[in-house]
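> Return atomic coordinates for the entry below.
(2 chains)
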2 protein chains.
Amino acid sequence: MDKLINGKEVSKKIREELKKEIESFPRKPSLVVIQVGNDSASEIYVKNKEKAALEIGIDFKHIKYEENVKEEEIINKIKELNDNDDIDGILVQLPLPKHLNETKIINTIDPNKDVDGLTITNMGKLMNKMDGLVSCTPLGVIELLKAYNVEIKGKHVIIVGRSNLVGKPLIHLFLNNDATVTVCHSKTENLSEYTKQADILVVAVGKKNLITRDMVKKDAVVIDVGINREDGKIYGDVYYLDVFDKVSLITPVPGGVGPMTVTMLFKNVIKSYKNKITSK
Amino acid sequence: MDKLINGKEVSKKIREELKKEIESFPRKPSLVVIQVGNDSASEIYVKNKEKAALEIGIDFKHIKYEENVKEEEIINKIKELNDNDDIDGILVQLPLPKHLNETKIINTIDPNKDVDGLTITNMGKLMNKMDGLVSCTPLGVIELLKAYNVEIKGKHVIIVGRSNLVGKPLIHLFLNNDATVTVCHSKTENLSEYTKQADILVVAVGKKNLITRDMVKKDAVVIDVGINREDGKIYGDVYYLDVFDKVSLITPVPGGVGPMTVTMLFKNVIKSYKNKITSK
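Below you'll find the predicted structure:
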């Protein structure tokens, strides 16, 4: 089992450190999560965030709108939260219903409170290697690799998936860590020709068991970001049992990257809280 | 010679189109170039821009500061230009002297007038696949490939170099065109193992003749962004004569990407001009 990258365990350790750090603060850092409608996965994600936030001492506010809410109402609420000095982090739970302009809503968030790292400003800062708030799942991937002392510099990293949430921020995080980076996606021909070259393979596509044994290099490090629900069970993008004895390290699903995402969210909330204190 | 990607010729054709377009405008689009100090390469670049701008009918203003200018003076000038409705494009000629904060100065430019595409906002927009102003040399690379009907979708593009000016914007331009993209740089081990795989190889490093015959795949398309001056001559990053008969298409240096950069700058100035008209 020493091939396992245990995200739950790494996550727990970091959360304990964050909890201690928070105890030394004059007030609790605060996070507002805005949710629209009743998407069942979103319900679970928001509940998990709330539970974990309270556990480590982050003040958690949940604002929930009906499916048919007007865009303007959300925009105005975000502006109010931007101006409220007691709020450190604002997160809009995605996906939003189709009638809402996701880009506009996200980019209303003050970049200093954008703990999901999804505003244009924070993406541009990441691309420029400037200090900003970075998307949580990509941050979690890097943190996991560091927790297991995986050397990134000079390694060939293959990222499968080019989403704004995961793939694209990862390109720059890995480049900033001096990896050679390849990005594959739905239009890539002969995917396995690429994945077989990876020293570190990160898969964030959303296709159950896409990556099989013949597609990985011996002793590769495999990070599976996929969360695919089927008949009440959760599967990753990597066929875990198939590749397990060929690779050197691998994240399980669940229990790999998942727990890290929420932990990185809290890290961002605390960062935002501390930046505000420093800039006063 | 039908292997040659003739940037001069493509550029000339586009400039003729832009010139015609400008003739139909009620007023000339305008570009301000801010230069600091007497860097000899910068002198040449600014002169070239001025000459070409006047030729196609763009109003060109050159503001030149002494080497020891105070940062505040440049910042205030940029703010004044931002507020001036008659100015469509603002470009700060890089590099700046060491005592000036390049990031701060660049990011003072109104993103709508940032015709070099270097503000955080425009980089974030590019990463998000949103419409914005994109860095000129990367735009020129894509435009050259399109002019020669090079298929990008599904191809393996290797970019050597990860600068904010060229390499990083190219990642997203190629991804947005559905290529599979690999980024190599100074920390990449066994560079030739990567370059040999490229269907399209783009080199933007600044090392004379870095890429030799053994490093390219047969029939690859090679785009050389390098400009290396030695004894009054200009060399690319690709050893042109060495690779010429192995590849299917290649840009010469000079006369390849170079002329496209200035042409794309004008395209950006016109875009900024038109956006302003539309938003009124």
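
> C-alpha only now, for contacts and for neighbours.
OK.

> For the stretch 1-150 of chain A, which segments are assigned as helices?
Taking DSSP state H, counting those that start in this stretch as the criterion, the stretch 1-150 of chain A contains helices spanning A:7-23, A:40-56, A:71-83, A:102-106, A:120-127, A:136-147.

> want to try TSV for those helices, with mean pLDDT, distance to chain B and mean neighbour count as columns?
TSV is the format used below for the helices of the stretch 1-150 of chain A (pLDDT from 0 to 100; distance: least, CA to the nearest CA, whole Å; neighbours: other CA atoms under 10 Å in any protein chain shown):
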stretch	mean pLDDT	distance to chain B	mean neighbour count
helix A:7-23	98	28	16
helix A:40-56	94	23	15
helix A:71-83	98	19	15
helix A:102-106	97	9	16
helix A:120-127	98	4	25
helix A:136-147	98	15	21
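
> Could you export the ones you listed as JSON lines, including distance to A:Tyr240?
Converted to JSON lines, those look like this (distance: least, CA to CA, whole Å):
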{"stretch": "helix A:7-23", "distance to A:Tyr240": "15"}
{"stretch": "helix A:40-56", "distance to A:Tyr240": "23"}
{"stretch": "helix A:71-83", "distance to A:Tyr240": "41"}
{"stretch": "helix A:102-106", "distance to A:Tyr240": "34"}
{"stretch": "helix A:120-127", "distance to A:Tyr240": "31"}
{"stretch": "helix A:136-147", "distance to A:Tyr240": "17"}
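
> Of all the ones you listed, which one comes closest to A:Leu165?
helix A:136-147 (7.7 Å; CA to CA).

> Let me know the next secondary structure element after the closest one.
Of the helices and strands lying after helix A:136-147 in sequence (DSSP states H and E), the nearest is strand A:156-160.

> Other residues contacting that next one?
With contact meaning CA atoms under 8 Å, 6 or more residues apart in numbering or on different chains, strand A:156-160 is reached by A:167, A:170-171, A:174, A:179-185, A:194-195, A:197-205.

> Return the residues of the stretch 151-280 of chain A in contact with chain B.
Counting by CA under 8 Å from any CA of the partner chain, the residues of the stretch 151-280 of chain A close to chain B are A:153-155, A:164, A:168, A:178-185, A:187-189.

> just the buried members of the contacts of strand A:156-160?
For these, a burial check counting by 16 or more other CA atoms under 10 Å in any protein chain shown picks out A:167, A:170-171, A:174, A:179-185, A:194-195, A:197-205.

> Which ones among the residues you listed lie within helices?
Per DSSP state H, helices hold the following members of those: A:167, A:170-171, A:174, A:194-195.

> Which of these sits closest to B:Tyr240?
The nearest one, if we look at those relative to B:Tyr240 and count by CA to CA, is A:Tyr194, at 28.2 Å.

> Not counting sequence-adjacent ones, nearest residue to the closest one?
If the residues on either side of it in the chain are set aside, A:Tyr194 comes closest to A:Ile158, at 7.3 Å by CA to CA, 6 or more residues apart in numbering or on different chains.

> How about A:Ile105?
A:Ile75 (6.1 Å).

> Can you pull out the low-pLDDT segments for the stretch 151-280 of chain A?
A:280 (pLDDT under 70).

> number of nearby residues for the closest residue to A:Asn112 other than its chain neighbours?
Setting aside the residues directly before and after it, A:Asn112 is nearest to A:Ser272 in space (CA to CA, 6+ apart), at 6.3 Å. Neighbour count of A:Ser272, defined by other CA atoms under 10 Å in any protein chain shown: 24.

> where's A:Ser272 relative to chain B, distance?
In this view, A:Ser272 and chain B are 19 Å apart by CA to the nearest CA, to the nearest Å.

> Also A:Leu118?
On the measure of CA to the nearest CA, A:Leu118 and chain B end up 9 Å apart.

> Make sure that residue is actually in contact with A:Ser135.
Yes - with contact defined as CA atoms under 8 Å, A:Leu118 and A:Ser135 form a contacting pair (6.4 Å).

> Contacts only, for the closest residue in space to A:Thr251 that isn't next to it in sequence.
In space, not counting the residues next to it along the chain, A:Thr251 is nearest to A:Ile5; the distance is 4.7 Å by CA to CA, 6+ apart. Under the criterion of CA under 8 Å, 6+ apart, the neighbours of A:Ile5 are A:144, A:148, A:249-252, A:256.

> confidence score at A:Ile5?
A:Ile5 is assigned a predicted lDDT (pLDDT) of 98.

> so is A:Ile234 in a helix, a strand, or just coil?
strand (DSSP: H, G, I helix; E, B strand; the rest coil).
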